[in-house]
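Student: Got a sequence here, can you model it:
(one chain, ligands or ions: 1)
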Amino acid sequence: MDKEEIFKNYNEYVIPSYKRQDVIFVKGKGSYLWDIDGKKYIDFFPGWAVSGLGHCNNYVVEKIKQQVDILIHLSNNYYHPWQAILAKKLIEISFDGKVFFCNSGAESNEAAIKLSRLYGRDKGRYKIISMENSFHGRTLATVTMTGQRKYNEIFEPLPVGFLYAKFNDFSDLVKKIDDEVCAIILELIQGEGGINVIDKEYLRKVKDLCKERDILLIFDEVQTGFGRTGEFFAYQVFGIEPDIMTLAKTIGGGFPVGAMIAKREIADLMRPGTHASTFGGSPLACMACLGVIEAIERENLLENVKIMGKYLRKNLEELKNEFKWIKKVKGVGLMLAIELDRDGDQLVKICLENGLLINCTQNNVIRIMPAINVKKEEIEEGIEILKMSLKKAGFK
Ligand SMILES: Cc1ncc(COP(=O)(O)O)c(C=O)c1O
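Tutor: Here you go, the predicted model:
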């Protein structure tokens, strides 16, 4: 198929719900992608953090290959070995609880909403407080929980029971709480919202408040989870455990996987019939996740994130000194961003032309989140292109 035909088919047959860059990719390995003309790109935002171990990671590929001829899918009214192994492993690397498997971040947050409402049901509690600027998904409930009007106002009337508080503002949160609140959901680093890091003291106060008022604390670790911050989960950086944690993106190494982990005391509220996912926790999906965990553990990737995160940050700080329109470098581990004093779309475009993939969110925040196994030379290569593109953008 030639390029024109591919673009034409997209235009004619694919619902236009995405803004796409004019490039057709056909192959990926590690930190690199190749387009249809054979041009090589370095990917510093692999699959919106889905391909967190780079493209076609060997551990993941191996596990999928091992499994694909044996059993791809099994419905959840039967048992299979791989879901049991994976659930146990996820608990070993997080906190004591149980896991519900699904296929995406939105679904894992839907599960968290439903479990919270089950928890609050007998006490007449059903409201969930999320943060302004948060992002929790695109299903009707999760887009309502997303604290950005631009994403949900066009779908009104929205589901009831969602309230919003200012991020990192404890007194605002306290004002929003009433006897009908069953849960508070937080991203410890707001991703789509612009790489905004939670304040540790604020987080501690929220934790204490939840305990005092019998409110569940949910951490959405869809983007921050699985090594991105230098720990398996961002909450381990801050030393505060949630009651519920939601996961997706890197957990499947490119394979669609979502998971909700809930503390043991509340997990069993999800009795048969309360929730389900036809594809969730399939043998193939579980094997992909086991490949991701094996890669992180065997290749010492959490350590790599700490070292490479520092190195990348240092390089970004240097760019900030050189280019005055970079206002700020922010983030944790390999979840980093540069905040510009202007719109970043043009820079993303120039970087793409020069062979570097990055992302712009909130108009002026350039997200830089390379694979967690990124190498020093790859960081240098990406930074070189970024620097060249900054110069070309002419914003010195
Ligand atoms: C923090 C967070 N939660 C939830 C989601 C939704 O995940 P998905 O697109 O897999 O439904 C995202 C996606 O970007 C996210 O960043």
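
Student: okay, now the domains of the protein?
Tutor: According to automatic domain parsing, the chain comprises the domains 3-57+300-393, 71-298.

Student: Give the rounded mean pLDDT of the longest one.
Tutor: Same thing as domain 71-298. What domain 71-298 shows for mean pLDDT is 98.

Student: Stretch 193-204: how far from the chain's middle?
Tutor: Here stretch 193-204 shows a centroid-to-chain-centroid distance of 16 Å under the convention Cα atoms, centre = their mean, to the nearest Å.

Student: what does stretch 34-41 give?
Tutor: Taking mean C-alpha positions (Cα atoms, centre = their mean), stretch 34-41 and its chain are 26 Å apart.

Student: what distance separates the start and the end of that stretch?
Tutor: End-to-end distance for stretch 34-41: 6 Å, by Cα to Cα, to the nearest Å.

Student: what comes into contact with that stretch?
Tutor: Stretch 34-41 is contacted from outside by 3, 6, 23-28, 32-33, 352, 355-357, using Cβ atoms under 8 Å, 6 or more residues apart in numbering. Placement of C-beta: from N, CA and C, glycine included.

Student: quick revisit: please tabulate the domains of the chain in TSV, including the columns distance to Lys63.
Tutor: Converted to TSV, those look like this (distance: least, Cβ to Cβ, whole Å):
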stretch	distance to Lys63
domain 3-57+300-393	10
domain 71-298	4
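
Student: how much space between whatever residue of the stretch 101-250 of the chain ends up closest to the ligand and Asn354?
Tutor: Taking Cβ to the nearest ligand atom as the measure, the stretch 101-250 of the chain has Gly105 as its residue closest to the ligand, at 2.2 Å. Between Gly105 and Asn354 the computed distance is 30 Å (Cβ to Cβ, to the nearest Å).

Student: Just give the closest residue to the residue nearest the centre of the chain, not the sequence neighbours.
Tutor: In the chain, the residue lying closest to the centroid (Cα atoms, centre = their mean) is Gln223, at 1.7 Å. Nearest residue to Gln223, sequence neighbours excluded (Cβ to Cβ, 6 or more residues apart in numbering): Gly191, at 3.9 Å.

Student: For the one you found, list the residues it contacts.
Tutor: Contacts of Gly191 (Cβ under 8 Å, 6+ apart): 49, 135, 223-224, 335, 361, 367.

Student: picking that back up, thought the residue of the stretch 101-250 of the chain closest to the ligand was touching Arg138?
Tutor: No: if you go by Cβ atoms under 8 Å, Gly105 and Arg138 don't touch, sitting 9.2 Å apart.

Student: Would you mind listing what in the stretch 51-200 of the chain touches the ligand?
Tutor: 104-106, 109, 135-137, 187, 191-192 (Cβ under 6 Å from any ligand atom).

Student: re the thing from before, and the contacts of stretch 34-41, which is closest to the ligand?
Tutor: For the contacts of stretch 34-41, the nearest to the ligand is Leu357 (16.0 Å; Cβ to the nearest ligand atom).

Student: In the chain, which helix is the longest?
Tutor: helix 301-322 (DSSP state H).

Student: That one: how far from the chain's middle?
Tutor: Per Cα atoms, centre = their mean, the centroid offset for helix 301-322 relative to its chain is 20 Å.

Student: Quick one: residues in contact with it.
Tutor: 53, 227-232, 295-296, 326-329, 331-334, 336, 338, 368, 370, 372-376, 379-380, 383, 386-387, 390.

Student: Just the buried ones from the residues you listed?
Tutor: Among the contacts of helix 301-322, those that count as buried by neighbour count (16 or more other Cβ atoms under 10 Å) are 53, 227-232, 295-296, 326, 329, 331-334, 336, 338, 368, 370, 372-374, 379, 383, 386, 390.

Student: In helices only, show me the residues you listed.
Tutor: 295-296, 379, 383, 386, 390.

Student: List just the nearest of the residues you listed to the ligand.
Tutor: So of these, ranked by how close each gets to the ligand (Cβ to the nearest ligand atom), first place is Ile296, at 19.4 Å.

Student: ok so, going back, near the residue of the stretch 101-250 of the chain closest to the ligand, how many other residues are there?
Tutor: The number of residues packed near Gly105 is 30, by other Cβ atoms under 10 Å.
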